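Participant: dropping a prediction and its sequence here:
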Amino acid sequence: MVTAIILLNVERHSLANVIKEILAVDGIAEVHAVVGEYDLAAIARVRDNQQLSGIIADKMCNQIPGITRSKTLISLDSQYNYNEKAVYGLE
């Protein structure tokens with residue numbers, strides 16, 4: 001499983017619609033409104049880098065109006081306070 005944090009800048013008037021559209025994308029687990037340099041942080045949990053690429057390059061950049069900028073951070077290792085394999089259906 002590949003986990004990525006996708007940081008997004010969004011046009012203010014499009015914020016609610018962008019959140020709704022991002023949550024409809026297969027592989028997006030969470031969307032957080034954040035303060036600071038970015039407006040949203042989307043958490044993607046996908047099978048592989050190819051699926052992640054499809055989310056970022058195809059869906060977010062081309063199919064969701066209102067996104068003005070993105071930055072993707074790919075997780076190299078994760079630590080959890082719960083059984084992540086059970087939660088994400090990997091057992």
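Facilitator: Looks like it arrived, so ask away. Only a predicted model underlies this, so the values are computations on that prediction, with no experimental measurement involved.
Participant: spatially central residue in the protein, please.
Facilitator: residue 42 (3.1 Å; Cα atoms, centre = their mean).
Participant: and it, that's in a helix?
Facilitator: No: assessed with DSSP: H, G, I helix; E, B strand; the rest coil, residue 42 is strand; it does not lie in a helix.
Participant: please name the nearest non-neighbouring residue to residue 74.
Facilitator: Spatially, and ignoring its direct neighbours in sequence, residue 74 is nearest to residue 4 (5.0 Å; Cβ to Cβ, 6 or more residues apart in numbering). (Glycine included, C-beta is placed from N, CA and C.)
Participant: can I get the CA coordinates of the one helix or strand the one you found maps to in CSV?
Facilitator: Take DSSP states H and E as the rule and residue 4 turns out to sit in strand 2-10. Extracted C-alpha coordinates of strand 2-10, given in CSV (Å, rounded to 0.1, in the frame of the first residue of the first chain):
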residue,chain,number,x,y,z
VAL,A,2,1.2,3.5,-0.8
THR,A,3,0.2,6.4,1.4
ALA,A,4,0.5,10.0,0.3
ILE,A,5,-0.4,13.4,1.7
ILE,A,6,-1.6,15.7,-1.0
LEU,A,7,-1.4,19.4,-0.1
LEU,A,8,-3.7,21.6,-2.1
ASN,A,9,-4.4,25.3,-2.7
VAL,A,10,-8.0,25.9,-3.7
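Participant: hang on, the residue nearest to the centre of the chain packs against residue 10?
Facilitator: No: using Cβ atoms under 8 Å, residue 42 makes no contact with residue 10, being 10.7 Å away.
Participant: and residue 75, what is it in contact with?
Facilitator: For residue 75, the contact set (Cβ atoms under 8 Å, 6 or more residues apart in numbering) comprises 2, 3, 4, 5.
Participant: counting neighbours, what do you get for the first one?
Facilitator: As a burial measure, the neighbour count of residue 2 was computed by other Cβ atoms under 10 Å and equals 15.
Participant: run through the bridge partners of it.
Facilitator: residue 46 (DSSP bridges).
Participant: and residue 62, how many neighbours?
Facilitator: 9.
Participant: so where's this protein uncertain?
Facilitator: Counting by pLDDT under 70, the low-confidence segments of the chain come to 88-91.
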